[in-house]
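Peer 1: Got a predicted structure here, sequence first:
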Amino acid sequence: MSSVLFVVTGARTWTLSDGTEHPTGYWAEELLAPYRLLTAAGHDVVFATPGGVEPVADSSSLGEGDAAALAQIPGLTTPLVLADVDAADYAAVYYPGGHGPMQDLAVDADSAALISATVAAGRPLAAVCHGLAALLPARDSAGEPLVAGRRITGFSDEEERIGGLADRAPFLLETALRGLGADVEVTDPWSDHTIVDGLLITGQNPQSSASAAQALIAALRLTRHRPRARGLSETHRTQLVRMRL
């Protein structure tokens, strides 16, 4: 089957507008649920982070058994360096959330280039919750915001307020996406809500993790990406070897 790249935040804190360093990371459910569904469907999952740092789960996102389950995922503790990743090696790219992406992926040029290349190549791109922060710096071939005119969802301003951080957030994700021209559709807080706009798949919150992953699997069936003739890049080959050790 196909290889899917999970781009995971490497941030451990989110700097709030008052200077407070709020502990964070990725959200466990948003990584675990899609990982389980994709691998059960026969796909390989490869991980990358900015700088290749080991990602950490937000402690507040860990339910019973989650830490043990995450520890068993091959390659998660030894991710690829995002800057070294070649988008052509992967059939699709997925961004889990947590507040971490608001700190690093929201301003990461390598991530933005990967997103732009994935969309331009006609491959599926999926993101859930705060993972959509990675879409903010992405541009299309004309230099316009990649999200402009696209139907998407993401962590709502109301959900951020309920979570207690809206007043100190450097920016609110829903508002920022709307400001770039995105057609953002949100529903009731903490409700499962996934939107599919072509090959762009977005989920509103952790509760949308499974439905977004199922939509991504469906998109992979349609696109059936084949590796390029010259084969896998050395970076991708190294990660697959690590996963199988």
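Peer 2: Received it, and whenever you're ready, just let me know what you need.
Peer 1: CA only for contacts and neighbour counts going forward, please
Peer 2: Will do.
Peer 1: who touches the residue nearest in space to the middle of the chain in this structure?
Peer 2: Compute the mean C-alpha point of the chain, and by C-alpha atoms, centre = their mean the closest residue is Y95, 0.6 Å away. Contacts for Y95 (C-alpha atoms under 8 Å, 6 or more residues apart in numbering) come out as 6-8, 126-128, 131-132, 134.
Peer 1: Backbone dihedrals for it, please?
Peer 2: phi -120, psi 110 (degrees, to the nearest 10).
Peer 1: how about the nearest residue to it once chain neighbours are set aside, what does it touch?
Peer 2: Among residues not flanking Y95 along the chain, A127 sits closest, at 4.5 Å (C-alpha to C-alpha, 6 or more residues apart in numbering). Listed by C-alpha under 8 Å, 6+ apart, the contact set of A127 reads 94-97, 201-203, 212.
Peer 1: Buried residues of the helix ranked longest in the chain, list them for me.
Peer 2: Across the chain, the helix with the greatest residue count (assigned by DSSP state H) is helix 209-223. Of the residues in helix 209-223, 209-217, 219-220 count as buried by neighbour count, 16 or more other C-alpha atoms under 10 Å.
Peer 1: nearest to P23, of these?
Peer 2: Taking C-alpha to C-alpha as the measure, P23 sits nearest to S209 out of the buried residues of helix 209-223, at 21.8 Å.
Peer 1: Which of the helices or strands spans the closest residue to the closest one other than its chain neighbours?
Peer 2: Counting by C-alpha to C-alpha, 6+ apart, E30 is the residue found nearest to S209 once chain neighbours are left out, at 5.2 Å. E30 is part of helix 28-40 when elements are defined by DSSP states H and E.
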